[in-house]
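> sharing a model prediction with you, sequence too.
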Amino acid sequence: MKSKNTFFEALRSYRAILFSVVVFSAAINMLMFVGPLYMLQVYDRVLQSRSEMTLLALTGIAVAMLAVYGVLEWLRSRVLVRAGLRFDEIVAKPLFSRVVTTTLLQPNAKSEFALSDIDRLREFLTGTGLIALCDVPWVPVFLVVCFIFHPWIGWLATGGALLIFVLTLLNEILTKKTLNEASVSSQTAQHFANTTLQNVEVIRALGMEQSLRTRWAGMHRKMLELQATASDRAGVLMSTSKFVRMVLQTAILGLGAYLALENQITPGMMIAASIMMGRALAPVDQVVGQWKQFIGARQAYGRLKDMFTRLPDEEERTKLPRPLGALAAEQIVVAPPGSRTPIVTGVNFAIEPGEAMALVGPSGAGKSSLVRALVGVWTPLAGAVRLDGSELSHWNKHELGDYLGYLPQTVELFAGTIAENIARFKEADAEAIILAAKRAGVHEVIQGLPDGYETQIGVSGRQLSGGQRQRIGLARALFNDPAIVILDEPNANLDMEGEEALLRALRDLRERKRTVIFVSHKIGLLALSDKALILADGRMRAFGPTKDVLQPKAVSTLPSIEDQSRPRALVN
């Protein structure tokens, strides 16, 4: 079964709208003959007959037809804008999901810029650039009318249109590569700035601002130089194009005057031919003026097409029942996204619903990498992680997230209120949010904040202390009573009060028969585990009941977070 591609489907739906725009453009371009024909009749009929009634009638007809022209222009613009909104509505949400997936698979791919690509493409599809392209096919019609007036006028107008078209092609050839390089440099500089500014406290405290600013300025300067080079080249060609058009306008009047003196055309034809050539060259001139927007839209289209082709829509999966919490790893091999070098190999274990498993090992043993595979953030290179017998890939990823509670080692909160962060930014009852906070033992802490659950925590939760972030992250993990809770160093930033709240939360999870996996070396937490898995050098050294894997004598000498050099001594 061929995977659905939302991007191409959105473009196909847009084609129907584009057809109506082409029809509108045909009518609009036909009505553009009103001006030159009006001038032709005024010069050749009204001025000759000196009939005021004829002038009044011609003017009335012209105004009425121009009113229709204005209405059609408005309708065309309105249709394009509404079509752009519909296009965005279809593509934006699937694009966001693909950006998240790409960032997981290729952390340095700068995939977040795809979110601005959809704006760039939509602006082109709804703006003057597309309208100019719809008007270009009518250029030959206006040129044919110029030939009807006189062959010399037709050839002059055709030569001018071809010259401007050649200048447009030169603009493309001379600026395409440079603009592509400028776009890449701009994204690199912006990505560097975004990632750097996430660590402003370290930057200021360690005096790194000047050196980092110099590095960013170098990237920014390279982008500016490339853009300046492309703009200089495009500027020369655009100026030349305008010069050519003005010369052609003058030349057509001069040629028309000469032909009128020779009695080969009438004065009305001379004026009408000048207007007609202007109408013929206008779309070409607009295309030249909108060329940078066209290039940007084409680049955006290429990147979006590539992303949606590489990551087709997920197949609709059979809805599985809410899991009980049985988790098994079957000889899994784990490597970072984009790498084939394993960090964790040969891990094989199974825990039953309601059991608690401690994951211990020295720094660099691969504990966090294993945890990422267990929650489905990283896909194993080999083997399988099964939840209630089904591989994680068999679950709908959005439904799976509701059944999992995850607290990473580095807690990342998001700009918004505390309540929104606990509820995972979903629509939720206040009772469910408060219940999760109480189970995490952070309800009283939140009550003590100025705005309580409505406190805005800022980007990455910078308004909160490290301990507060970790406790709110625990409440988020416990929200909606997940079947499995996986905690990576959940007490890394906690004080004594926070650790006591964590212990109460773990006891509550055990009493309610929830499956728990946690990474820790604290004896108080290890005592709450039913099973333990020891990891060292990326390999499973032991797994089984905690009392067997971690002997009492060994437990008393378990390493602390500060001293993780001794876990290997615990291996049976």
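Received the coordinates, thanks.
> who touches stretch 312-328?
For stretch 312-328, the surrounding residues in contact (C-beta atoms under 8 Å, 6 or more residues apart in numbering) are 1, 3-6, 94, 349-354, 374, 385-390, 394-397, 399, 403, 483-484, 513-515, 517. Bear in mind the C-beta positions are built from the backbone N, C-alpha and C, glycine included.
> quick check: end-to-end length of it?
One end of stretch 312-328 to the other measures 29 Å (C-alpha to C-alpha, to the nearest Å).
> same deal with stretch 389-397?
16 Å.
> contact partners of that stretch?
Residues contacting stretch 389-397 (C-beta under 8 Å, 6+ apart): 314, 317, 319-320, 326, 376, 379, 384-387, 400.
> those residues in helices, which ones?
Judged by DSSP state H, the contacts of stretch 389-397 include Leu400 as members of helices.
> of the contacts of stretch 389-397, buried ones?
320, 326, 376, 379, 385-387, 400 (16 or more other C-beta atoms under 10 Å).
> those residues: which two are farthest apart?
Spatially, the most separated pair among these is Ala326 and Thr379, at 20.4 Å (C-beta to C-beta).
> re earlier: what's the most distant pair in the contacts of stretch 389-397?
For the contacts of stretch 389-397, and using C-beta to C-beta, no pair is farther apart than Glu314 and Ala326, which are 24.4 Å apart.
> re the thing from before, buried ones only from the contacts of stretch 312-328, please, as a ChimeraX command.
This is the ChimeraX syntax for the buried subset of the contacts of stretch 312-328, where burial follows 16+ other C-beta under 10 Å:
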select :5,6,94,349,351,354,374,385,386,387,388,390,395,403,483,484,514,515,517
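> can you flag which of the contacts of stretch 312-328 belong to helices?
Using DSSP H, the contacts of stretch 312-328 in helices are 6, 94, 374, 397, 399, 403.
> remind me what the host helix or strand of Gly159 packs against, helices and strands.
Using DSSP states H and E, Gly159 maps to helix 151-196. Judged by 3 or more C-beta pairs under 8 Å, 6 or more residues apart in numbering; DSSP states H and E, the packing partners of helix 151-196 are helix 139-149, helix 209-261, helix 267-289, helix 291-310.
> of the ones you listed, flag the one that's most buried.
Burial of those is given as mean neighbour count (mean count of other C-beta atoms under 10 Å); helix 267-289 ranks first at a mean of 22.
> average pLDDT across that helix?
The average of the pLDDT scores along helix 267-289 is 79.
> also stretch 476-489?
The model assigns stretch 476-489 a mean pLDDT of 92.
> first to last residue in it, what's the distance?
15 Å.
> quick one: secondary structure of the nearest residue to Ile457 once chain neighbours are set aside?
Closest residue in space to Ile457, ignoring its immediate chain neighbours: Gln463 at 4.8 Å, by C-beta to C-beta, 6 or more residues apart in numbering. Here Gln463 is recorded as coil under DSSP: H, G, I helix; E, B strand; the rest coil.
> same check, this time on Leu494
Classified using three-state DSSP, Leu494 is coil.
> next one: Asn491
coil.
> ok, it - how many residues close by?
22 (other C-beta atoms under 10 Å).
> go on, Phe425?
13.
> just the pLDDT for it.
So Phe425 comes in at 89 (pLDDT).
> quick one: low-confidence ranges for the protein?
In the predicted model of the chain, residues 1-4, 107-110, 197-202, 204-206, 288-289, 460-461, 551-572 satisfy pLDDT under 70.
> one more pass at 50, please.
1-2, 552-572 (pLDDT under 50).
> go ahead and name everything in contact with stretch 220-237.
167-168, 170-171, 174-175, 178-179, 181-182, 185-186, 189, 288, 291-292.
> please apply the same query to stretch 101-108.
109, 111-112, 114, 307, 311, 337-338, 377-378.
> quick one on the thing from earlier: as CSV, the contacts of stretch 389-397 with distance to Arg120 would be great.
Conversion of those to CSV gives the following (distance: C-beta to C-beta, whole Å):
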residue, distance to Arg120
Glu314, 26
Arg317, 33
Lys319, 37
Leu320, 39
Ala326, 47
Gly376, 32
Thr379, 31
Ala384, 41
Val385, 39
Arg386, 43
Leu387, 40
Leu400, 33
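> any chance of TSV for the buried ones among the contacts of stretch 389-397, columns distance to Ile275?
Below are the buried ones among the contacts of stretch 389-397 laid out as TSV (distance: C-beta to C-beta, whole Å):
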residue	distance to Ile275
Leu320	70
Ala326	80
Gly376	66
Thr379	65
Val385	72
Arg386	75
Leu387	73
Leu400	66
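> which one of those residues sits closest to Gly366?
The closest of these, once distances to Gly366 are taken by C-beta to C-beta, is Val385, at 14.6 Å.
> related to what we said a few turns ago, between the ones in helices among the contacts of stretch 312-328, which is nearest Phe149?
Distances from Phe149 to these, taken by C-beta to C-beta, are shortest for Thr6, at 50.7 Å.
> next, the buried residues of stretch 174-188.
So, applying 16+ other C-beta under 10 Å, buried residues of stretch 174-188: 174-175, 178-179, 181-183, 185-188.
> I misspoke; the intended subject was stretch 437-451.
Quick answer for stretch 437-451 (16+ other C-beta under 10 Å): 437-443, 445-446.
> which one of the residues you listed sits closest to Gly473?
Checking these one by one against Gly473 (C-beta to C-beta), the nearest turns out to be Ala440, at 8.7 Å.
> not counting its neighbours along the chain, what's nearest that closest one?
Ala440 sits nearest to Ala475 (C-beta to C-beta, 6+ apart), 3.8 Å away.
> ok, residues contacting the one helix or strand the one you found maps to?
Per DSSP H and E: Ala475 is located in helix 466-478. With C-beta under 8 Å, 6+ apart as the test, helix 466-478 has contacts from 405-408, 411, 413, 418, 421-422, 424, 436-437, 439-442, 445-446, 457, 461, 464, 485-487, 490-495, 498, 501-502, 505, 509.
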